[in-house]
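K.L.:
what follows is a predicted structure for the sequence shown.
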Amino acid sequence: DVSRNGGRRLLGFPAITPSVADEVVLPPGYRYQVLFPWGHPIVPSGPRFDENADNSATEQAAQAGDHHDGMWFFPLRGSRSGLLCVNHEATTEQLLHSDGRANWSPEKTAKSMAAHGVSVIEVEQDRRGGRWELAESRFARRITMTTPAEITGPAAGHPLLRTGADPEGVRVLGTLNNCASGPTPWDTYLTCEETINKYFYFGEQPPEAGSVEERYGIGSESPYPWYTTEDRFDMRVEPNEYNRFGWVVEVDPFDPASTPKKRTALGRMEHENAVVVRGRRGEAVVYMGDDTQFDYFYKFVGAEPINKALKRGRSPLDTGTLYVARFEEDGSGRWLPLVHGRPGLTEADGFADQAEVLIHTRLAADAVGATPMDRPEWCTVQPRTGAVFFTCTNNTARTESVNAANPRLENRFGHIMKIDECGNPSAETFDWDVFLLAGDEASGATVPPDQAFGSPDGLWFDKDGRLWIQTDGAQPKVDGAEQNNQMLVADTRRGDIRRFLVGPPRCEITGITATPDGRSLFVNIQHPGDSGTPDTPRASSNWPDYSATGRPRSATIVITREDGEVVGG
Ligand code: FEO
Ligand code: CA
Ligand code: CA
Ligand code: CA
């Protein structure tokens, strides 16, 4: 009873049981190493981590940021060394500074901004011991909230993107809330800006009902006090700065002097990840979720072949058509083009031009009749079949009506969708199915009770066809206790699923990439101890240092097998 795909064993490990322990649990025969925790210098000669969080903002800008999320391994020398790009989505401010959020200052804003963004590090594996280490690399860099980035594509220079500091609307400082990610076929890294609304202060009164700001989640408060020391985060002073975030950003890890590019043709939303495949004409096709309750699933189809664009010095991601998904009750679906001038997207509808369709992607998608989903998070494309899978993590706000693609009221545990475009990634129609309903038996899950999980978020097909599922949020209870977040592997053809990893309390498991040989698997443990309740993270986790005087830390870990074989196989 062995699960295989073309001779490769897909699920070659025994499922582990749920856990509430303050550790990372793996199947027998597997081990992990903490490679790159928050505060770790990006090169060995960099500033050392201070476990009392007394590192300065300048030191933080040369160290791993916080809340590690999406990442990707770009090989340099086979599977033994490579560049690892790691997103730093957010911060836990009470841990980031030795005195937490008290006595907020410009230095604290600067340190918090330096703990966001992306790390590019060079990693190499010791031939004998098998341990991974960071190299003293010319590629190593941090991209933070002060790194200049260029706005490209149809919305570049638009009046809504112009600010006092950038009257041209083409140059932004930084990238924000870098959630998940995706590699491109031309060896660059896409980092996706997600929950940007939390960083901007609108004023004491929230935005008006029905306003663009409300649709983009701007409230009357910002949990990040950045606006108290930096005017660009105060919307009363600078109303357009927030339009310059919420994009997919392209980074060239092989050129440490390169400027990150915000690709506006891919739309503006709470971007989760971005999966790039080649269409039949060689064009870039990008699948993307907008992670908010009742928001949408998107794809972009490039206008010209990737090779042709690159040869002419153009980005394959700057010209093309953005579509949003509509899921019909009969299992068919349509990609609805978000093109200025079409019904609902004219000047009379409030869209002056294509740039406004892209800056206000959510409003455009509302106007054309897209299907509101239960928080679309990661997507991934199945090798060989080209089927697109995406997670709908949960949606407890769905209290009134269900549909075939979002079939549960108060969807506490989420589900995974499957889209079949019959081998044509640029198709305007598709068939779809619910791949699985997560949760426990009482919630109507389609997963065996002993492999129960909730809130699927990270999702990735490895080269062999294993579907890795990572969780973030509510998990089913075992003996009255809510289990910790976890990672499972599915054999989608047999419908078999097995729990592979369980993390420490109140973390999320997110970010996954492997060496080309599949023998080293990189995974991120995000915010151990902190699932959003301020001031108590140390009460529930002290992973990975277990230092009496230290603090829990987000970290990249590397998982290997004691026998050195393929992870999962
Ligand atoms: Fe950053 Fe939707 O997760
Ligand atoms: Ca997170
Ligand atoms: Ca996520
Ligand atoms: Ca999530």
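P.N.:
Looks like it came in fine. Just so it is clear, the structure is predicted and the values come from calculations on it, not from any experiment. Residues are numbered from 1 along each chain as shown. Ligands and ions are numbered 1, 2, ... in the order given.
K.L.:
C-alpha only now, for contacts and for neighbours.
P.N.:
Will do.
K.L.:
below-threshold pLDDT in the stretch 1-150 of the chain: ranges please.
P.N.:
Along the stretch 1-150 of the chain, segments meeting pLDDT under 70 span 1-2.
K.L.:
same thing but at 80, please
P.N.:
1-3, 5-7, 129 (pLDDT under 80).
K.L.:
now do the strands in it.
P.N.:
Remark: strands assigned in the stretch 1-150 of the chain by DSSP state E, counting those that start in this stretch are 4-5, 8-9, 30-37, 68-77, 81-88, 117-125, 132-134, 141-143, 148-152.
K.L.:
to ligand 1, which of the ones you listed lies closest?
P.N.:
Taking Cα to the nearest ligand atom, strand 68-77 is the member of those nearest to ligand 1, at 7.3 Å.
K.L.:
tell me which residues in that closest one are buried?
P.N.:
68-75 (16 or more other Cα atoms under 10 Å).
K.L.:
ok, which of the strands of the stretch 1-150 of the chain comes nearest Gln475?
P.N.:
Proximity to Gln475, assessed across those by Cα to Cα, is greatest for strand 68-77 (19.4 Å).
K.L.:
so where do the helices sit in the stretch 351-500 of the chain?
P.N.:
354-359, 361-368 (DSSP state H, counting those that start in this stretch).
K.L.:
dump these into a markdown table; add distance to ligand 1 and mean neighbour count as well.
P.N.:
A markdown table is the format used below for the helices of the stretch 351-500 of the chain (distance: least, Cα to the nearest ligand atom, whole Å; neighbours: other Cα atoms under 10 Å):
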| stretch | distance to ligand 1 | mean neighbour count |
| --- | --- | --- |
| helix 354-359 | 20 | 24 |
| helix 361-368 | 16 | 20 |
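K.L.:
quick one: low-confidence parts of this structure?
P.N.:
1-3, 5-7, 129, 531-536.
K.L.:
just to revisit the earlier point, dump the strands of the stretch 1-150 of the chain to CSV, plus distance to Pro376.
P.N.:
Output for the strands of the stretch 1-150 of the chain, formatted as CSV (distance: least, Cα to Cα, whole Å):
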stretch, distance to Pro376
strand 4-5, 28
strand 8-9, 30
strand 30-37, 28
strand 68-77, 15
strand 81-88, 19
strand 117-125, 22
strand 132-134, 33
strand 141-143, 26
strand 148-152, 25
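K.L.:
now distance to ligand 1 too, for those strands, in CSV please.
P.N.:
Shown next, in CSV, are those (distance: least, Cα to the nearest ligand atom, whole Å):
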stretch, distance to ligand 1
strand 4-5, 30
strand 8-9, 30
strand 30-37, 18
strand 68-77, 7
strand 81-88, 10
strand 117-125, 13
strand 132-134, 26
strand 141-143, 18
strand 148-152, 21
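K.L.:
among those strands, which is nearest Pro44?
P.N.:
For Pro44, the closest of these is strand 132-134, at 6.7 Å, according to Cα to Cα.
K.L.:
and the closest one, how far out from the chain middle?
P.N.:
24 Å (Cα atoms, centre = their mean, to the nearest Å).
K.L.:
got a list of what the spatially most central residue of the chain touches?
P.N.:
Nearest residue to the geometric centre of the chain (Cα atoms, centre = their mean): Ala180, 1.6 Å. Contact analysis of Ala180 by Cα atoms under 8 Å, 6 or more residues apart in numbering lists 69-71, 87, 191-192, 271-274, 378, 511.
K.L.:
out of the strands of the stretch 1-150 of the chain, flag the one nearest Tyr201.
P.N.:
It's strand 117-125; of those, that one is closest to Tyr201 (Cα to Cα) at 20.2 Å.
K.L.:
between the closest one and strand 68-77, how big is the angle?
P.N.:
Angle of strand 117-125 versus strand 68-77, following axes from the mean of the first three to the mean of the last three Cα atoms, to 10 degrees, is 40 degrees.
K.L.:
contacts only, for Glu208.
P.N.:
Listed by Cα under 8 Å, 6+ apart, the contact set of Glu208 reads Glu214.
K.L.:
for it, give its distance to ligand 1.
P.N.:
As for Glu208, its distance to ligand 1 is 25 Å (criterion: Cα to the nearest ligand atom, to the nearest Å).
K.L.:
thanks again, I'm all set now.
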